[in-house]
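# fold the following and give me the result.
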Amino acid sequence: MLRHSISEWDRQPITTRITSRVHRSGSLKERVDEAIFRLRVQENRLEGAASRMQHHDKEMFDKCVRAQMDKDTARAAMYANECAQVRKMAKVTLQCQLALEQAALRMDTVREFGEIAYMMAPVAAVVKSVQGQITGIIPEVGFELNEIGEMLNGVMYEAGQVTGSDYSVEASSEEAQRILTEAGTLAEHRMQQRFPDLPAAPTPLPQRGTEQGFQ
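Residues are numbered from 1 along each chain as shown. A predicted model of the protein is given here:
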């Protein structure tokens, strides 16, 4: 019941009762292809952003180390805090990138086997979650993911209307959460590989005047 024949890929989208928005032309297959392409574009943008964050972190890390060697604890703390903030954003960006990568791979499977309504539901949930996480860091990516999410929901609904198929919301949510959890675990591993531990703060030296006061 969840499958529909490959020949139905090329069927033109039907007019639905639940939307009066602008009609999107193209077959379901063409629209799935477009969604995959747009997901890949955002995945690449996040990869580039993560790379820039890593480069900026290295600059701040090196300055932190030099400040530590110069016993400039105030400046070292400033650079360490900057690294910490960059790493927070980098971790979210990496996790979102990896989640979109998994979503695009799932879309490739959708394109191959045609189980649109069933297999696209977790993808739509992942895109929505990523959009919520990344908007505060890279707003333009969040905006684009919002549009992609709307496209996926529309295609998923139309596919269900064409084939008479349905999907379990609970099962879709569990699968989406699994994808996000795996992306988070892998992002944590890559953070450990790419970002070295910050140097420990040096122990402040006793003031000479204080030492003399106790003599």
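# when you work out contacts or count neighbours from here on, use the C-alpha atoms and nothing else.
Will do.
# can you pull out the residues in contact with stretch 177-191?
The contact list for stretch 177-191, computed with C-alpha atoms under 8 Å, 6 or more residues apart in numbering, reads 91, 94-96, 98-99, 102, 126.
# Glu112: helix or strand, and which one exactly?
helix 73-113 (DSSP states H and E).
# who are the packing partners of that helix?
helix 28-69, helix 116-134, helix 169-194 (3 or more C-alpha pairs under 8 Å, 6 or more residues apart in numbering; DSSP states H and E).
# what sits closest to the residue nearest to the spatial centre of the chain if chain neighbours are left out?
Among the residues of the chain, the one closest to the centroid is Cys96, at 1.2 Å (C-alpha atoms, centre = their mean). Closest residue in space to Cys96, ignoring its immediate chain neighbours: Val130 at 5.6 Å, by C-alpha to C-alpha, 6 or more residues apart in numbering.
# I'd like the distance between the one you found and Lys58.
For Val130, the distance to Lys58 (C-alpha to C-alpha, to the nearest Å) stands at 26 Å.
# how about Ala90?
12 Å.
# between the two, who's got more neighbours?
Using other C-alpha atoms under 10 Å, the more surrounded residue of Ala90 and Lys58 is Ala90, with 25 against 16.
# is that one in contact with Gly48, as I believe?
No - assessed by C-alpha atoms under 8 Å, Ala90 is found out of contact with Gly48, at 10.8 Å.
# that older thread, can I get the helices and strands packed on helix 73-113 in JSON lines including mean pLDDT?
Shown next, in JSON lines, are the helices and strands packed on helix 73-113 (pLDDT from 0 to 100):
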{"stretch": "helix 28-69", "mean pLDDT": "93"}
{"stretch": "helix 116-134", "mean pLDDT": "86"}
{"stretch": "helix 169-194", "mean pLDDT": "86"}
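# most packed of those helices?
Per residue and on average, the most neighbours among those fall to helix 116-134, with a mean of 23 (mean count of other C-alpha atoms under 10 Å).
# would a markdown table of the helices and strands packed on helix 73-113 with distance to Asn81 be doable?
Formatted as a markdown table, the helices and strands packed on helix 73-113 follow (distance: least, C-alpha to C-alpha, whole Å):
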| stretch | distance to Asn81 |
| --- | --- |
| helix 28-69 | 9 |
| helix 116-134 | 21 |
| helix 169-194 | 17 |
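# between those, which one is nearest to Glu82?
Between Glu82 and the helices and strands packed on helix 73-113, the shortest gap by C-alpha to C-alpha is with helix 28-69, which sits at 7.0 Å.
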